[in-house]
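> no sequence on this one, just coordinates:
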């Protein structure tokens, strides 16, 4: 058990082969202006220096705890283990390859206390590992979908599943909510957090918000969530489990519109992000034949589509009309037309440039500019 008996926040971090990033992650937590928290690292059988680095930091800071496990490739399992060991009144679930602003815990905890909240939302930005540059994003916290009155009850918001992403690392949770409602992460390689986050949000009596950016979300391609091509159905399993639980608890009817937009957005986004032709074809056809109907999207109308999903609606309409072969053929033809358009534009621009160079005006201009060039050479010499 953590030696600090004043622990009020438990920070839970699954780790796996993150030797490049774990020290920056933990150092950014050590620099927090708030002090009364524990850090629980649950290692998923790392084969690099991850554990060694954590143990070194442990010798400096008795708030850091380490739990070692055989490798299973399930971040949700690691988070659940950390949750069972947590002693804080509040929980943060962070990723080992990210780093954090020093006032994160202080400000979020203070807001939770002030509003007597079950859950607090906050914001994040991207950090590109190669360029070392930051980029602001709008999908972690959709401010336009926040209600006017905060704190608010989860199930009363028409945008409860749309105001934020399903990631757990931009939220602080009251542990009593998690324990009372028996909410746990799913045992999936990806999307293990969707069920946990959105069920907690819809069950929360009081949700508050700190709209500042506190998380620097690293783009490196090496995180636990980096590759969805290996598990193309996890998102579907997560959404199916969430809908089943909403129905079981009698909460689906009042959250149906928000859930449909969540399922719609995740379905189209996942399809378009697949890198394998085989996976794309399988997901495409299953969406058309089963999943759209299962998630009440068989006749999804444009007026039911929230603004953040509008760009995906044309893809949905094409999917309803064409099988995967016809859809891909039309996409290829569209790309050929686009290429032809830009080739024609380039040729026209080249012709216009040649005509300009041949014009009397251009030749006169070059003659006039030649005099200052000669004068400049004379001055230099």
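That came through fine. These figures come from a predicted structure and were not determined experimentally.

> how's this structure carved up into domains?
Annotated domains of the chain cover 229-321, 326-380 [automatic domain parsing].

> worst average pLDDT in these?
For these, the weakest mean pLDDT is recorded on domain 326-380, namely a mean of 74.

> Mind putting the domains of the chain into CSV with distance to residue 176 and mean neighbour count?
For the C-beta atoms, the positions are set from N, CA and C on the backbone; glycine is no exception. Converted to CSV, the domains of the chain look like this (distance: least, CB to CB, whole Å; neighbours: other CB atoms under 10 Å):
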stretch, distance to residue 176, mean neighbour count
domain 229-321, 18, 16
domain 326-380, 48, 10
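
> export those domains to JSON lines and tack on distance to residue 137?
Putting these into JSON lines (distance: least, CB to CB, whole Å) gives the following:
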{"stretch": "domain 229-321", "distance to residue 137": "12"}
{"stretch": "domain 326-380", "distance to residue 137": "27"}
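
> For residue 120, find the nearest of the ones you listed.
domain 229-321 (19.5 Å; CB to CB).

> For the closest one, what is the distance to the chain centroid?
In terms of CA atoms, centre = their mean, to the nearest Å, the centre of domain 229-321 is found 17 Å from the chain centre.

> Which parts of the stretch 151-300 of the chain are strands?
Taking DSSP state E, counting those that start in this stretch as the criterion, the stretch 151-300 of the chain carries its strands at 171-174, 207-219.

> In JSON lines, list the ones you listed along with distance to residue 299 and mean neighbour count.
Formatted as JSON lines, those follow (distance: least, CB to CB, whole Å; neighbours: other CB under 10 Å):
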{"stretch": "strand 171-174", "distance to residue 299": "33", "mean neighbour count": "24"}
{"stretch": "strand 207-219", "distance to residue 299": "31", "mean neighbour count": "20"}
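
> Rebuild the ones you listed as TSV, extending it with distance to residue 28 and mean pLDDT.
As requested, these are exported to TSV (distance: least, CB to CB, whole Å; pLDDT from 0 to 100):
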stretch	distance to residue 28	mean pLDDT
strand 171-174	16	98
strand 207-219	8	97
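
> between those strands, which gets nearest to residue 13?
Among the strands of the stretch 151-300 of the chain, strand 207-219 comes nearest to residue 13, with 12.6 Å by CB to CB.

> where's residue 67 relative to residue 45, distance?
Using CB to CB, to the nearest Å, residue 67 is found at 12 Å from residue 45.

> picking that back up, looking at the domains of the chain, which is closest to residue 114?
Of these, nearest to residue 114 by CB to CB is domain 229-321, at 26.6 Å.

> And the helices in this protein, which stretches?
Taking DSSP state H, the helices of the chain run over residues 22-30, 50-60, 75-85, 104-115, 175-181, 192-203, 234-248, 252-273, 277-286, 292-294, 310-321, 324-358, 360-380.

> Just put those in JSON lines and tack on distance to residue 302.
Shown next, in JSON lines, are these (distance: least, CB to CB, whole Å):
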{"stretch": "helix 22-30", "distance to residue 302": "43"}
{"stretch": "helix 50-60", "distance to residue 302": "48"}
{"stretch": "helix 75-85", "distance to residue 302": "35"}
{"stretch": "helix 104-115", "distance to residue 302": "36"}
{"stretch": "helix 175-181", "distance to residue 302": "35"}
{"stretch": "helix 192-203", "distance to residue 302": "24"}
{"stretch": "helix 234-248", "distance to residue 302": "22"}
{"stretch": "helix 252-273", "distance to residue 302": "11"}
{"stretch": "helix 277-286", "distance to residue 302": "21"}
{"stretch": "helix 292-294", "distance to residue 302": "15"}
{"stretch": "helix 310-321", "distance to residue 302": "6"}
{"stretch": "helix 324-358", "distance to residue 302": "19"}
{"stretch": "helix 360-380", "distance to residue 302": "51"}
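
> Figure out which of those helices is closest to residue 162.
Across the helices of the chain, residue 162 has its closest neighbour in helix 252-273 (5.5 Å, CB to CB).

> now the angle from that closest one to helix 277-286?
150 degrees (axes from the mean of the first three to the mean of the last three CA atoms, to 10 degrees).

> now for helix 252-273, which elements pack on it?
helix 192-203, helix 234-248, helix 277-286, helix 310-321 (3 or more CB pairs under 8 Å, 6 or more residues apart in numbering; DSSP states H and E).

> mind running it again at 10 Å?
Under the contact definition 3 or more CB pairs under 10 Å, 6 or more residues apart in numbering; DSSP states H and E, helix 252-273 sits against helix 192-203, helix 234-248, helix 277-286, helix 292-294, helix 310-321.
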